[in-house]
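Chemist: Below is the sequence, then the predicted model.
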Amino acid sequence: MTWMLLMILVVLSFILIQMSHPLSMGLMLIVNTITTCLTISTMSESPWFSYILFLVFLGGMLVLFIYVTSLASNEMFTLTPNLFLLIFLVPLLLIVMMIIDPLLLPNMISLPDPHHYTTNYQEIPGMKFYMTSILMNTIMLATYLFITLIAVVKITSLYQGPLRPSKS
């Protein structure tokens, strides 16, 4: 599974190089980030790092999306024949590789190992964050972040900034 995700990641990187429009590049970058986060999630014990990486990257991409749409709003998408060829040949290549190497296919017959299941809540990643001894700190942190969010929204003005409406 990880090997296939890495192969898809390489292919998406080649497709990203072929893009010419900023919005299509942004879309391919988001798809590339999703694939990277899935790969990191399958390799690590806890998927929290991949969740945080995806959310931070998506937030940055949303800011870039707003700037790009305000700068280059009416450009047309142009798809090159090389891109069409790459998009159609890559899935075909992946299917051929899966047929050639049966080890790449997931094993559907195997049952999960019962030793992977834990009943002790302290051993589950992320559960220590919500234990009663730390609960007050968690509530204080969430309240602080919420108040900061409200303050930032109230401070920002829609009519004075880089994305103010045009006077046309």
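Modeler: That came in fine, so what should we check first? Numbers count the residues shown, from 1 in each chain.
Chemist: Kindly list the longest helix within the chain.
Modeler: In the chain, ranked by residue count with DSSP state H as the criterion, the top helix is helix 48-71.
Chemist: Check which helices and strands the helix or strand that that one is followed by is in contact with.
Modeler: Remark: after helix 48-71, the chain's next helix or strand is helix 81-100, criterion DSSP states H and E. When contacts are defined as 3 or more C-beta pairs under 8 Å, 6 or more residues apart in numbering; DSSP states H and E, helix 81-100 packs onto helix 2-18. Backbone N, C-alpha and C define where each C-beta goes, glycine included.
Chemist: So which elements touch the helix it packs on?
Modeler: Against helix 2-18 (3+ C-beta pairs under 8 Å, 6+ apart) you get helix 22-43, helix 81-100.
Chemist: Highest mean neighbour count out of these?
Modeler: helix 22-43 (a mean of 17; mean count of other C-beta atoms under 10 Å).
Chemist: That helix vs helix 48-71, what angle?
Modeler: Interaxial angle of helix 22-43 relative to helix 48-71 (axes from the mean of the first three to the mean of the last three C-alpha atoms, to 10 degrees): 180 degrees.
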